[in-house]
Structure formats: structure tokens, C-alpha cells
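Student: I would like the atomic coordinates for the input below:
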Amino acid sequence: MLVTVGYYQIDNQEYGHEKYQAWLMKYGARPSDLQQMKETVEALTLTPTISVIMPVYNPPETFLKEAIESVINQVYPYWELCIADDCSTQGYIKPILEHYAAKDARIKVVFRQENGHISAASNSAIAIATGEFIALLDHDDLLTPDALYQVVLTINQHPDADMIYSDEGKIDENNQLKGPYFKPEWSPDSFLSRMYTCHLGVYRRSLIEKIGGFRVGYEGSQDYDLVLRFTEQTDKIYHIPKILYHWRIHLASAASSAEAKPYAYEAAKKALTDAIQRRGEPGIVTSVPIYLGHYIIRYQITEYKLVSIIISTRNMGETLDQCLTSIFTQNTYPNYEVIVIDNGSTEEKLAEVIAQWQEKEPTRFKCYPLDIPFNFSAINNYAVKQAQGDYLLFLNNDTEVITPDWIEAMVEQAQRSSIGAVGGLLLYPDDTIQHAGIILGLGGIGSHSHKHFPRTTPGSFGHVISIGNVSAVTGACLMCRRELFEMVGGFDEELSVAYNDVDLCLKMVAKGYRNVYLPHAVLYHHESKSRGYEDTPEKQARWQKEAQLLYSRWQKFIDNDPCYSPHLTRDREDYTIRE
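Tutor: Numbers count the residues shown, from 1 in each chain. Here you go, the predicted model:
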């Protein structure tokens, strides 16, 4: 079924496009909105010229015209379109470009004398730009009519902005809209896994010139390389949660499929490898084979410092034994200790298990009794005082290690000065996902990303299989530096059972640290085996009290998780469009 919205048609037969249609009807700019924007432009304090950069090489005639018209039709008038033709061989290209340049003085064209490919052509277009900001537009894509207005509105709200990016969608050869991509706020570690900011991207021209523009040799991922270098110069980066760009799908475009430009993925690996070397965080960049365009960086561990694995338990001897067996047998990290806190156990089996492990691992295994009413925060804070490690790894007793290099993977991230809490991929015993990061506001306070999805799913836009920034990770498997844990005051003992992990993570965020989820540190989680579920009136009352406390403290994050789009559902873990 095709539905017309303005100039475009929405194909609502795939990717839940009934919901996309409803979203566009609700949030897309209507003619009356566009007219109001036109009338309010002169009321803006800042009205910078935006230089739209368009390298051109043999696009289909219709698509080229539509791309140019999408700039001409902007409600914001202070733009220039800087076109560099890269020696196109199609005879219709030059007359079209000359026609538009003659028609509108804001359109400037340079005809290159030799074909240099997209990086060189983009630089030629930048060379004739005079605007304070540069916006990138491919020769077959479309800007929405309000795109530049929304950019300038953001500049007025944030005059320090150096980089602005928006959400985007795709458009096919019949002008049918599909495939919306609703993005998070600036997430640097997610960006090191995939070029997610992409379209529309707007950059302060002085910084583009400072870094030397596009680099030849990175064709196919030249924009990724550009932004990697650009964001090393500034953190004044803002996201517009609106679809302002339609990425054209046709046989030769990267939007049609991941295989359209295979050379682009090697260029991206090269750009990432360069970036981590420049930043003094060397490592190895590997591609995710099931999802082209996604990468995992394995950083070099600078020092194999002691990791204290902290586990609390009350009874559940067999469960604990399974956990400990997996730690000591599925582990390649050379320097760790295991601290078990026995929280008032009465079970003989538990005592047997403790005694066996004390005999097997007299140096690395330690157990301390703490007979108090269950309080996850108090127990773990006590454990930290007994621990000797520079890294703290909080682990539930009902977890089971799957990947032997799980600790290395977590230390690689936790050692980085910008990182707070590190979490892994936790699976139910049936190989469905239990945890791939926490989304705040989901189901109320928060819930786990992609819960109950198959282990093999890549997730929404590769979330499950990519390293990514999240606002929080579960305390069932959480690593951080000891110094950071102590700096933020450890776990809040008012949160005895629920949300103490979220609170800890948000305290780190509030101090300027980033939390990350890792897809390659994988464990089974036999969830709530030891504590059970929140299914009694007493437990429900306690949960409600702790939820209210967390919300009063972190309402800003719970109402709008910066690592999750405001346009995605708050009712389910599946990243579908919010109703």
C-alpha cells in the first residue's frame, strides 16, 4: 500500500511502515509548518550561511535534479550549493548543472579537469564554499524542506555547536519512504563500532579546513574518516531527533545493500585503525562478519592489573559451583581473584562448595561471611573493602561464563580513562538475550535491550553485535575501575535490591564517564535463581519505593535516555517506533 505524504510516497509494507506512516503524519513538517518556519527565519538571532557540498559523478538524471531541487526548496534561504563535478561521462550532467547555476546565484559549480573520486571531488566543492557550516549531500539523495532550518534552529539553541547530525530515512527509485533510522545522542564508543551519525551531517567549516578536509585513500568511508578526525577536535556535537535526510536506494548506492560498495568496509577499518593510533589507544579492528559496516575494536591491555571478581550468595551451592567452575576453567586472563560473600547461608552444600574451592584455589579464591538481611548494595560495598584488585567485576552467582577472554574484553574498555561501567551480553539458558544494555524509561524505569531476542540477532541497526554506549548495564556482570567506584561512593545502600546498578552507572555518567556494552563478553544468566522474582506484596512495596527513589534522582535520564531515541517504543525491548 502506498500513501502520499507531500512529495513522497510511503511504502508501508515493510519494516513496520504503517508505524512509519503514522510517525511522519505526526512529526513530519506540514505545509503550514513550513510556512511558519519561513516567516520566523528573520527572527532568529543567528542566520549563518550553510554551504551544501555535493560531489557529482554520473548520477541518474532524475535523481540529480531532485537532489538539487531539494536544496532549492529549503525554507531556510541562507545557503549555497557547492557542486564539484568529477569528470562525469554522461552528457546530460554538465547542462543540468549549468542550468541550475544560471537559475540561482546560490548554486556554484566547479568542473574538475580529472577524475579524483569522491574525496578529491568533495574537497573541490569545499574549496568554493564560503559558509560558516558545511552540510554534506550525496548527488542522488534528498534533504527534507525543513532540514537547514532545523540545523540553524539548533545553532541558535547551541551557538557553540561544531557538528550537528540528524535522523535519516531511505527513499527508493519510486520516491517511496522506508527504513527510518532513529539515532541516539552523541555516543563516541558506538561511533567507533559503526558510522551511525551519517546523514544529515553538518560541520563547522573552520574545523573541516583545520583537519584538511577529506583524505584521499578512504573512498567509500571518507565521511567516517572525516568525522573520526573531526570529533578529535571538539565535543560540541548535537543531535536533531528528526528525519531531515532521505538516502536514495538504487542498485549502485550503499543504501541498497551492504554489499553495494565492498571497498568501503576496508576503508572504514583503515580509518578506525588510524583513529585509535592517533588517540593513543592502539588495538586491532575486526569486522563483524554477519553485519557489514560494523566493527569491534580489541584494545591493547596496557597492564594486566588484578581483577577482583565479586560474588554474593546465600545458599544455592550448586548454582555457585557452576559459576565458579566456569570462571576458573573458562578464563584466559592471568591476574584475578574471586571474592565470595556468604550472606548468611544455612545450606550444607554451600559450605561444601566453599571448602572445595578454598582447597582448589587457595590463592585466588576467598570467602567472607556477612550475615545481614539481604542488601545487594551493602554486601558488594563490603566485598570491595576485602578486595585487592584495581578492577572490580561484580557478578551474580547464577551466571556462567561462555567466552574465555571475557575479562580481557572488559579490561580493554575499563582501562580507558573515559569509560565508567562495562557490561556484557547475557543470555538465558535457551540462548535468547537477557541483557544487551539497559534502556532507561523502558517499561517505566528501565529494561534490557532486545530481551528474549535470539542470540543470533544483530539487533536494531547492529546494536546487539556492536560495542555501544548505554546509560546503564546490569549489576549481574559489571566491571569498573576501583578508583572510579570509590569516587562515586559505591552502591547506594538505600537501593537494597532494585536499580542499584542503574544508580551506580548514572553516577558515573554524571561525572562525565561513558558506560559501554560489549557483545563479545558473553555469559549465561540463570536470572533470579537466587533471589526469585518480585512477586510478593512485601517485595512489590520495596521495589516501588526504590523505583521512586531512583526516578526522583535521575528523572532527566529516565524520561529521555540519551543512548536511545525519543521516537522508539517505551513499551517493548524491540526498538520499534513509538506509538
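Student: any idea how far N380 is from the residue lying farthest from the centre of the chain?
Tutor: Counting by C-alpha atoms, centre = their mean, the extreme residue of the chain relative to its mean C-alpha position is E348, 46.3 Å from that point. Applying C-beta to C-beta, to the nearest Å, the value for E348 to N380 is 26 Å. C-betas here are computed from N, CA, C, even on glycine.
Student: then A101?
Tutor: Here A101 is placed at a distance of 67 Å from N380 (C-beta to C-beta).
Student: I'd say K349 and L320 touch.
Tutor: No. Contact status for K349 versus L320: not in contact, 9.1 Å apart, counting by C-beta atoms under 8 Å.
Student: compare neighbour counts for the two and give me the winner.
Tutor: More crowded of K349 and L320, by other C-beta atoms under 10 Å: L320, with 25 against 15.
Student: residues touching that one, list them.
Tutor: Contacts of L320 were listed using C-beta atoms under 8 Å, 6 or more residues apart in numbering, and they are 311, 313, 340, 350, 353, 397.
Student: among those residues, which one sits closest to H520?
Tutor: I311 (21.9 Å; C-beta to C-beta).
Student: neighbouring strands for the host helix or strand of the closest one, and are they parallel or not?
Tutor: Here I311 is covered by strand 307-313, with elements defined by DSSP states H and E. Using DSSP bridges, strand 307-313 pairs in its sheet with strand 336-342 (parallel), strand 391-395 (parallel).
Student: chain center to that strand, what's the gap?
Tutor: Using C-alpha atoms, centre = their mean, to the nearest Å, the mean C-alpha position of strand 307-313 is found 29 Å from that of the whole chain.
Student: next helix or strand past that strand?
Tutor: Under the assignment DSSP H and E, the closest C-terminal helix or strand after strand 307-313 is helix 317-329.
Student: just the buried residues of that next one, please?
Tutor: Of the residues in helix 317-329, those buried under the neighbour-count criterion (16 or more other C-beta atoms under 10 Å) are 317, 319-324, 326-328.
Student: next: stretch 361-372.
Tutor: Within stretch 361-372, judged by 16+ other C-beta under 10 Å, the buried ones are 365-367, 370.
Student: count of neighbours near M479?
Tutor: Residues near M479, counting by other C-beta under 10 Å, number 28.
Student: check which element follows the helix or strand encompassing it along the chain.
Tutor: Following DSSP H and E, the helix or strand that holds M479 is strand 477-481. Under the assignment DSSP H and E, the closest C-terminal helix or strand after strand 477-481 is helix 482-487.
Student: who's in contact with that next one?
Tutor: Defining contact as C-beta under 8 Å, 6+ apart, one finds that helix 482-487 is touched by 308, 384, 387, 389-392, 420, 504, 508, 511, 513.
Student: and those, which are buried?
Tutor: Buried by 16+ other C-beta under 10 Å: 308, 384, 387, 389-392, 420, 504, 508, 513, out of those.
Student: out of these, the closest to I237 would be?
Tutor: I237 lies nearest to Y513 out of these, by C-beta to C-beta, at 17.1 Å.
Student: any idea which of the strands paired with strand 307-313 is most buried?
Tutor: Each of the strands paired with strand 307-313 was assessed for mean neighbour count using mean count of other C-beta atoms under 10 Å. The highest is strand 391-395, with a mean of 25.
Student: okay, now the unreliable bits of this protein?
Tutor: Confidence mapping of the chain against pLDDT under 70 gives the ranges 1-17, 251-260, 528-535.
Student: so what's W79 closest to, chain neighbours aside?
Tutor: Spatially, and ignoring its direct neighbours in sequence, W79 is nearest to I50 (4.7 Å; C-beta to C-beta, 6 or more residues apart in numbering).
Student: helices or strands next to the host helix or strand of Y224 in the packing?
Tutor: Remark: Y224 resides in helix 222-230, with elements defined by DSSP H and E. Secondary-structure packing of helix 222-230 (3 or more C-beta pairs under 8 Å, 6 or more residues apart in numbering; DSSP states H and E): helix 117-127, strand 201-204, helix 205-210, helix 263-278.
Student: center of this structure, which residue is that?
Tutor: The geometric centre of the chain, computed from its C-alpha atoms, lies nearest to S190 (C-alpha atoms, centre = their mean), at 3.8 Å.
Student: circling back: in JSON lines, list the buried residues of helix 317-329 along with distance to I438.
Tutor: As requested, the buried residues of helix 317-329 are exported to JSON lines (distance: C-beta to C-beta, whole Å):
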{"residue": "G317", "distance to I438": "30"}
{"residue": "T319", "distance to I438": "23"}
{"residue": "L320", "distance to I438": "25"}
{"residue": "D321", "distance to I438": "29"}
{"residue": "Q322", "distance to I438": "25"}
{"residue": "C323", "distance to I438": "22"}
{"residue": "L324", "distance to I438": "26"}
{"residue": "S326", "distance to I438": "23"}
{"residue": "I327", "distance to I438": "24"}
{"residue": "F328", "distance to I438": "29"}
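Student: need the contact list for Q74.
Tutor: By C-beta under 8 Å, 6+ apart, the contact set of Q74 is 143, 145-149.
Student: my bad, D431
Tutor: With contacts defined as C-beta under 8 Å, 6+ apart, D431 is in contact with 454-455.
Student: and the gap between it and A409?
Tutor: Per C-beta to C-beta, D431 is found 19 Å from A409.
Student: go on, G217?
Tutor: 31 Å.
Student: of the two, give the one with the bigger neighbour count.
Tutor: Comparing G217 with A409 by other C-beta under 10 Å, the one with more neighbours is A409, at 24 against 12.
Student: what helix or strand is that one on?
Tutor: For A409, the secondary-structure element it belongs to, assigned by DSSP H and E, is helix 406-414.
Student: and the next helix or strand past that helix?
Tutor: For helix 406-414, the following helix or strand on the C-terminal side (DSSP H and E) is strand 419-427.
Student: would you mind pulling up the elements that that following strand packs against?
Tutor: In terms of contact count using 3+ C-beta pairs under 8 Å, 6+ apart, strand 419-427 is assigned the packing partners helix 406-414, strand 433-435, strand 477-481, helix 500-510, strand 514-525.
Student: hang on, the earlier thing: who's more crowded, A101 and N380?
Tutor: Neighbour count, other C-beta under 10 Å: between A101 and N380, N380 has more, with 26 against 16.
Student: show me what the residue nearest to A127 when sequence neighbours are not counted is bridged to.
Tutor: Sequence neighbours aside, V110 is the residue nearest to A127 in space, at 7.6 Å (criterion: C-beta to C-beta, 6+ apart). Here V110 shows beta-bridge partners A84, assigned using DSSP bridges.
Student: and V110, how far from T89?
Tutor: According to C-beta to C-beta, V110 and T89 sit 17 Å apart.
Student: of the two, give the one with the bigger neighbour count.
Tutor: A direct count of neighbours by other C-beta under 10 Å for V110 and T89 places V110 higher, at 16 against 8.
Student: would you confirm that the more buried one contacts A125?
Tutor: Yes. At 7.0 Å, V110 and A125 qualify as touching, with contact defined as C-beta under 8 Å.
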